[in-house]
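Trainee: Give me coordinates for this.
(one chain, ligands or ions: 1)
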Amino acid sequence: MKIAFIGLGIMGKPMAKNLLKAGHELRVYDRNTATLEEMKAAGATVCGSSSETVEGVDLVLTMLPNSPHVKSVMLEDDKLADKMPKTAAFIDMSSINPVASREIAAELEKRGIQMLDAPVSGGQPKAIDGTLSFMVGGKQELFDKFKPVLEAMGSSVVLCGDVGAGNVTKLCNQTIVAVNIAALAEAMQMGQMCGVEPQKIFEAIRGGLAGSTVMNAKAPMMMDQNFQPGFRIDLHIKDLNNVVDAAKAVDAPIPLTQMVLEMMKILHHDGDGSCDHSALLKYYQKLTGEVLHH
Ligand code: NAD
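Mentor: Predicted structure coming up:
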């Protein structure tokens, strides 16, 4: 399949490489030119603008930071909605506000173009391995047509509902992860202050009901004081702000999300926005003056 791929950052670059490995023909662009040479060496056609990427393609893919970036590329600045072939489809894999996904889909529909929103979870390691989890929104027929393309980048591809449902599901994922990390940090800090070694707490409870993928990934990072991203606090703030917007629109109560968002904002203002989200531990360490250890 001939595919336009825009946004070759931490996630987009390895995902695009997996599409090349699967035999797809790729036309790529990122406004940051640093990765373009590497993509050329991997076999992609490097374009000088996003408009150039869509020439003659069957599918346009984006992996951009947030809603304003996707709107800018598709509707406002680059206007790909007016430039891409009418026979092509659009799949946005960025994590954005579901309201924005629906707005973009409605604009595309006016031009006879169909869209899926297909955000992912799994982070950079799974983007490299091609084992991401895709949460997809859109029409069943379109999903069936392009599922094999997503399967070249992920090991789980689930249709969650109509367009926007992928990003609603991703917001659920981001709330669960954020609250989970905050609970882990709070408990480990409290346990150490009560006189029990954090490593023992981790070993003793990881196999029980409190155990989780979050615990296995983040507890060792917290005990090592290793806050290399991974997934940055600032990106998680972006997602939780989208949760707040989405919840507000339907009057859904989200007290836990709100609280963890405030904790993350405090860390951001304290210069920790580029740390991994496991740095939620720093919120407790700064309050207590006690550093978690092994
Ligand atoms: P990133 O910042 O590394 O990459 C985004 C890329 O988009 C950058 O290279 C940037 O130059 C490019 N870009 C921005 N505006 C552009 C424009 N107008 N035209 C062309 N290129 C443009 O971000 P990332 O970590 O790859 O994340 C991408 C999306 O995936 C985000 O929505 C993020 O929330 C989501 N996500 C990230 C992770 C992760 O672990 N990093 C995991 C799951 C989902």
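Trainee: can you map out the helices along the stretch 151-294 of the chain?
Mentor: 165-193, 198-205, 213-224, 233-250, 255-267, 280-288 (DSSP state H, counting those that start in this stretch).
Trainee: Are the longest one and the ligand in contact anywhere?
Mentor: No - among the residues of helix 165-193, none lie within reach of the ligand under C-beta under 6 Å from any ligand atom; the closest is 7.6 Å away. All C-beta atoms are positioned from the backbone trio N, CA, C, and that covers glycine.
Trainee: Please identify the deepest-packed of the helices of the stretch 151-294 of the chain.
Mentor: Burial of these is given as mean neighbour count (mean count of other C-beta atoms under 10 Å); helix 165-193 ranks first at a mean of 21.
Trainee: relative to helix 280-288, how tilted is that one?
Mentor: Angle, helix 165-193 to helix 280-288, by axes from the mean of the first three to the mean of the last three C-alpha atoms, to 10 degrees: 40 degrees.
Trainee: quick one, helix 165-193 and helix 213-224 angle?
Mentor: 40 degrees.
Trainee: Now do G166 against D276, distance only.
Mentor: G166 sits 24 Å away from D276, going by C-beta to C-beta, to the nearest Å.
Trainee: Let me have the helices of the stretch 151-294 of the chain in a markdown table, adding distance to G123 and mean pLDDT as columns.
Mentor: Converted to a markdown table, those look like this (distance: least, C-beta to C-beta, whole Å; pLDDT from 0 to 100):
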| stretch | distance to G123 | mean pLDDT |
| --- | --- | --- |
| helix 165-193 | 10 | 98 |
| helix 198-205 | 21 | 98 |
| helix 213-224 | 9 | 97 |
| helix 233-250 | 10 | 96 |
| helix 255-267 | 17 | 98 |
| helix 280-288 | 16 | 98 |
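Trainee: Out of those helices, flag the one nearest L132.
Mentor: For L132, the closest of the helices of the stretch 151-294 of the chain is helix 165-193, at 11.7 Å, according to C-beta to C-beta.
Trainee: Any idea how many residues pack against the closest residue to S155 other than its chain neighbours?
Mentor: Using C-beta to C-beta, 6 or more residues apart in numbering and skipping the chain neighbours, the partner closest in space to S155 is T131 (4.3 Å). With neighbours defined by other C-beta atoms under 10 Å, the count for T131 comes to 14.
Trainee: isn't T131 right up against V157?
Mentor: No - between T131 and V157 there is no contact under C-beta atoms under 8 Å: 11.3 Å.
Trainee: on that earlier part again, the residue nearest to S155: what's it in contact with?
Mentor: G122, G154, S155 (C-beta atoms under 8 Å, 6 or more residues apart in numbering).
Trainee: what's the spacing between the nearest residue to the first one once chain neighbours are set aside and A81?
Mentor: For G122, ignoring the flanking residues on the chain, the nearest one in space by C-beta to C-beta, 6+ apart is L132 at 4.2 Å. Applying C-beta to C-beta, the value for L132 to A81 is 26 Å.
Trainee: And those two? Which one has more around it.
Mentor: Between L132 and A81, counting by other C-beta under 10 Å, L132 is the more crowded of the two (27 against 20).
Trainee: Next one: the more buried one from the ligand, what distance?
Mentor: Note on L132: its distance to the ligand, by C-beta to the nearest ligand atom, to the nearest Å, is 8 Å.
Trainee: so who does that residue touch?
Mentor: If you count contacts by C-beta under 8 Å, 6+ apart, then L132 has M15, V120, S121, G122, K126, M153, G154, S155, S156 around it.
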